[in-house]
Every structure is written in structure tokens, then in C-alpha cells.
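[1] starting from these lines, generate the structure:
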Amino acid sequence: MESLIIEKPAMILAGLSTKVTLNDVLSNKTTLKVASNFLERRAEIKNCINEREVFGLSTDPEDYNPETDQFEYFIGIEVSANDGIPDGMDYREIPANTYVLFTFKGPFENAGAVHNYLYSTWLKQSGYELSGLFNIEIYDERNHGPESEESLTDICFPVRKK
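    Below is the predicted model:
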């Protein structure tokens, strides 16, 4: 699986969030429901500075156990400031960071293979370690919906040299 080390500046994202378990995501498609709700409300956000990309941010708790623990899923767009966020929406500040970027093809479930590769192979061979408990999925014009076999989705993990 190909990877690319990139630098991303700090961002402020405005959108919607929920707490879910991995089982909720796979069985109940909870994140797809939140994403659909966000896309319906996206036009309410007036200070968007990047119309091209939507960001999905997954944040794990310390000592995350994927079998049982909840994590936060946030979906949003980049904004110029954290004021003026529409009612019922949240914001997240993402620090500038170094990331490893992977691109996967197909439906959203295929992100699991990227996570498996990251932990089982890439981190052991790369000379890098994770530097945060989150990852960012980037949905742009190459993404044709969460269940499309033709979708291309970037997923970024914060890293630092060991």
C-alpha cells in the first residue's frame, strides 16, 4: 500500500459529531447517517474557506479497544474562524502536523484495511510513530459516495519520526 508523508497546516473545521463504536459504524452505518445530515446542512456554514473538501475526523480515546470503546466521529468543512458556527454544529481545531497519507478505493468499509496495514506493517517499517489519537479522511471530487466501488478517499494519520 502506497503512502506519502505530508505537512498540513492548522485547520478549523465546522460540522457535526457523534460518539460511536466500530460495531455501530459497520452494523448501523451511524457515521453515514451523520454524514448525510451534515451534507443537508452544509450550506448553513457561511465562513467556509475550502469548498472542495469535506473532512471526516475520527478521534480515539486513550488505550482504545476497537471491540468495545466508543470514539468520536466528526464530519465538517474548513472554516476561517470558529465563530458563527450554526446552531447544533460543533467545531474542531486541528493542529499543524506531519501526516502519513494513504488513498483507498471503494466503499467506506475499506478504510479498515488501511488501519490494519498502518498498525501491522507501516509503523513497524517506516521509522515513524503516531503523534495523535485521530485520523482524517478527506472526501473530495474523487469520492462518489460512501458505498461506491469507484470512490477514492485519502486518510491521514498524524506521525512523527521515532
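
[2] burial of the closest residue to residue 128 other than its chain neighbours, as a residue count?
    In space, and not counting its chain neighbours, residue 128 is closest to residue 159: 4.2 Å by CB to CB, 6 or more residues apart in numbering. The C-beta positions use only the backbone N, C-alpha and C, and glycine is treated the same way. Residues near residue 159, counting by other CB atoms under 10 Å, number 22.

[3] residues contacting residue 159?
    Taking CB atoms under 8 Å, 6 or more residues apart in numbering, we find residue 159 in contact with 5, 98-100, 126, 128-131.

[4] again, 10 Å this time
    Neighbouring residues of residue 159 by CB atoms under 10 Å, 6 or more residues apart in numbering: 3, 5, 97-100, 118, 122-123, 126-132.

[5] looking at the residues you listed, which is nearest residue 82?
    Ranked by distance to residue 82 (CB to CB), those are led by residue 97 at 18.4 Å.

[6] burial of the closest one, as a residue count?
    Using other CB under 10 Å, residue 97 has 20 other residues around it.

[7] strands of this protein, residue ranges please.
    Along the chain, the segments classed as strands by DSSP state E run 4-8, 11-21, 54-59, 70-79, 90-94, 97-105, 128-130, 134-139, 152-161.

[8] any residues touching the helix or strand of the chain with the lowest mean pLDDT, and which ones?
    The helix or strand of the chain with the poorest confidence is helix 22-23; it has a mean of 84 (mean pLDDT, DSSP states H and E). Contact with helix 22-23 is made by 30, 58, 64-71, 112, 115, as judged by CB under 10 Å, 6+ apart.

[9] from these, which land in helices?
    In helices, judged by DSSP state H, the following of the contacts of helix 22-23 are found: 30, 112, 115.
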